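Engineer: Mind folding the following:
(chains A and B)
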Amino acid sequence: MLLREETYRQQSNFAHYCRTGEFLPIKGVDEKRVHHYSRLVFNVIDDTLRSAFPLTVDLFSEEEWETTTRRFFASHRCNSYSVWKMPFEFYQYIISSEDELINKFPFLDELLLFEWTEIEIHMMEDKMFPEISFTGDFENDVIAFNPEFKILQMKYPVHLKNPNEITETDEGVFSVLIFRQPETGNVQFTDISYFFYRLIQKIMNEQKPLADFIGEAEQTFGVERSILLTNTIPFLMELQQNKFIIGFKK
Amino acid sequence: MIDERTANVGIGFRKEFAEEFLAGNVLSPAFVEVAPENWMGIGGYWKKIFKRVAEKHEIYSHGLSLSLGGPDELDWEFLKNLKSFLKEYDIKIYSEHLSFAKCDNAHLYDLLPVPFRWDAVQHIAQRIKSVQDFLERKIAIEIVSYYTPVAAEMSEVDFINSVVKEADCNLLLDVNNIYVNGFNHNYDTKEFLQKLSLDPVAYIHMAGHEKVADDLIIDTHGEPIIQPVYDLFDYTVQILPQPVPVLLERDFNIPELTELQFEMNRLENICTKHWRNELVTA
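Structural biologist: Modelled structure (predicted):
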């Protein structure tokens, strides 16, 4: 590197000040003005995180938000060159370094992941859609799913309840399907039962018709085939209407 | 590219006005500038919007994260993705800032002032050359606004001229930044422009700013261009050796599109006044 160690040190001290507010000596700097850099740099971080995590902002006190975001920016080295991806680093930072907050809000990791996933699905690169037939039979054809999705499995209903009202008594098993509508690009959330979570996973992984799994489900859940189908088909039709099911494999 | 007009005035594209821009014809820029970091590696709604913009308009790109003035290694993964992006959308202009935005492996998402020093000149020039070699094109570097010098050992204008000469790159002249710096650091902006090497100027940016104290202006891009900056632009256009494209930047406080078009018209009128008989090339 052609940069002298001493020049590097000036830049490093300047960047350190912007990230932490801790002023180390910087030659020739105007001490009356330098705080503007710290303010402007932090504004970008704060604005980006507030817009990414509105539910978490609402959950935290203003002081909690301010001190947490400042600790994050001071102690975590942001690696994303695109600022819109930086909130994912905030999520990673919280789950690895903010035990006190996680203890206070046991669902915080899930809430942050849920909020981030909306951004991730909205922005993710387009995926190849399979060749499909728009008409088919839910029971006997292989259902084709929209590939732009994620299913989060959670212990707390962060997708169903105001986070301020969630308590430890809400703990359970929750699944939320998050997908992007192909035409509009809008992100949709659907609460799904564990049964449907498993069913979607199985159809995707094994590429077999629903009929093949109903028999297994009959055994596993001890429910009659006709009842399973009566409950499953309307749900799949709803997923088709919402564009998570895009058709049937050719 | 040769545009069949004497002025080539574009607009910095913002998501805030994307739909209105595409739906109507209030805003008629000669080109549209985007920050690649916001549009690379995405899909869905915003990719569709970007494709529609790129179908209708020539795209210029203006980077934010490369940190040419920074001490960290260049991000080759980013450059690889950038090169594909420039190719995919046939983007002929890529510019970046003469500043740093990453240090000690941490992005700061803002443009920090570099030390005006000879070793920094050599360091930055070498990085610009590496980027130009990799992208197989000349890039334009922007003179940024700054609020405090950092460890300066030479004048700002000598520093800029040296970087441009050593790197053999183009210069992006942000006239508002020159005005802001002249005000903040108490120098004569016309004298500064006279000392600046103008041959490499390939592109101009224009924007508004905010005066936050009697002796300090912050370069916000959140206000309309003020008259003294138009005046400095008029002067700059007269002394430039050749016509170049001009961009209006408005990042915050976005007004009605008619207001942006009004500002673009003013810029175009000034260009046309002085470049009447010349074509703008990019």
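Engineer: who are the neighbours in contact with the nearest residue to B:Tyr147 once chain neighbours are set aside?
Structural biologist: Spatial nearest neighbour of B:Tyr147, excluding adjacent residues (CB to CB, 6 or more residues apart in numbering or on different chains): A:Arg33 at 4.7 Å. Heads up, the C-betas are built off the backbone N, CA and C, glycines and all. Contact analysis of A:Arg33 by CB atoms under 8 Å, 6 or more residues apart in numbering or on different chains lists B:Tyr147, B:Thr148, B:Asn184, B:Leu216.
Engineer: can I assume the first one sits in a strand?
Structural biologist: No: assessed with DSSP: H, G, I helix; E, B strand; the rest coil, B:Tyr147 is coil; it does not lie in a strand.
Engineer: Thought B:Val212 was touching it, still the case?
Structural biologist: No: using CB atoms under 8 Å as the test, B:Tyr147 is too far from B:Val212 to be in contact (9.5 Å).
Engineer: what's near enough to touch the one residue in chain B that gets nearest to chain A?
Structural biologist: Closest contact between chain B and chain A, by CB to the nearest CB, is at B:Tyr45 (2.8 Å). Residues near B:Tyr45 by CB under 8 Å, 6+ apart: A:His122, A:Thr184, A:Gly185, A:Asn186.
Engineer: where's it relative to A:Met124, distance?
Structural biologist: Relative to A:Met124, B:Tyr45 is positioned 11 Å away (CB to CB, to the nearest Å).
Engineer: Please identify every residue contacting each of B:Tyr147 and B:Val212.
Structural biologist: Common neighbours of B:Tyr147 and B:Val212 (CB under 8 Å, 6+ apart) are A:His36, B:Ile218.
Engineer: and the two? which has more neighbours close in?
Structural biologist: With neighbours defined as other CB atoms under 10 Å in any protein chain shown, B:Tyr147 and B:Val212 compare such that B:Tyr147 has more, 23 against 13.
Engineer: check contacts around the more buried one.
Structural biologist: With CB under 8 Å, 6+ apart, B:Tyr147 has these contacts: A:Asp30, A:Arg33, A:Val34, A:His36, A:Tyr37, B:Pro113, B:Asn184, B:Leu216, B:Ile218.
Engineer: at 10 Å instead, please
Structural biologist: A:29-30, A:32-37, A:40, B:113, B:180-181, B:184-185, B:212, B:216-219 (CB atoms under 10 Å, 6 or more residues apart in numbering or on different chains).
Engineer: For B:Tyr45 and A:Met124, list the residues in contact with both.
Structural biologist: With CB under 10 Å, 6+ apart, B:Tyr45 and A:Met124 have common neighbours A:Arg180.
Engineer: Looking at the contacts of A:Arg33, state which has the most neighbours.
Structural biologist: B:Tyr147 (23 neighbours).
Engineer: how many other residues sit next to the closest residue to chain B within chain A?
Structural biologist: Closest residue of chain A to chain B, CB to the nearest CB: A:Gly185 (2.8 Å). A:Gly185: 19 surrounding residues under other CB under 10 Å.
Engineer: B:Ala101 versus the residue lying farthest from the centre of chain B, what's the distance?
Structural biologist: What lies farthest from the middle of chain B is B:Gly44; by CA atoms, centre = their mean that is 27.7 Å. Distance, B:Gly44 to B:Ala101, using CB to CB: 27 Å.
Engineer: Chain neighbours aside, what residue packs nearest to residue 20?
Structural biologist: Reading this off chain A. Using CB to CB, 6+ apart, the closest residue to A:Thr20 is A:Ala74 (4.2 Å).
Engineer: My question was about chain B, not that one.
Structural biologist: B:Leu257 (6.0 Å).
Engineer: again, but for A:Leu112
Structural biologist: The shortest distance from A:Leu112 to any non-neighbouring residue, by CB to CB, 6+ apart, is to A:Tyr91 (4.3 Å).
Engineer: Now do the host helix or strand of that neighbour: distance to the chain's middle.
Structural biologist: Element membership for A:Tyr91 (DSSP states H and E) is helix A:86-97. Helix A:86-97 sits 11 Å away from the centroid of its parent chain (CA atoms, centre = their mean, to the nearest Å).
Engineer: Alright, calling it a day.
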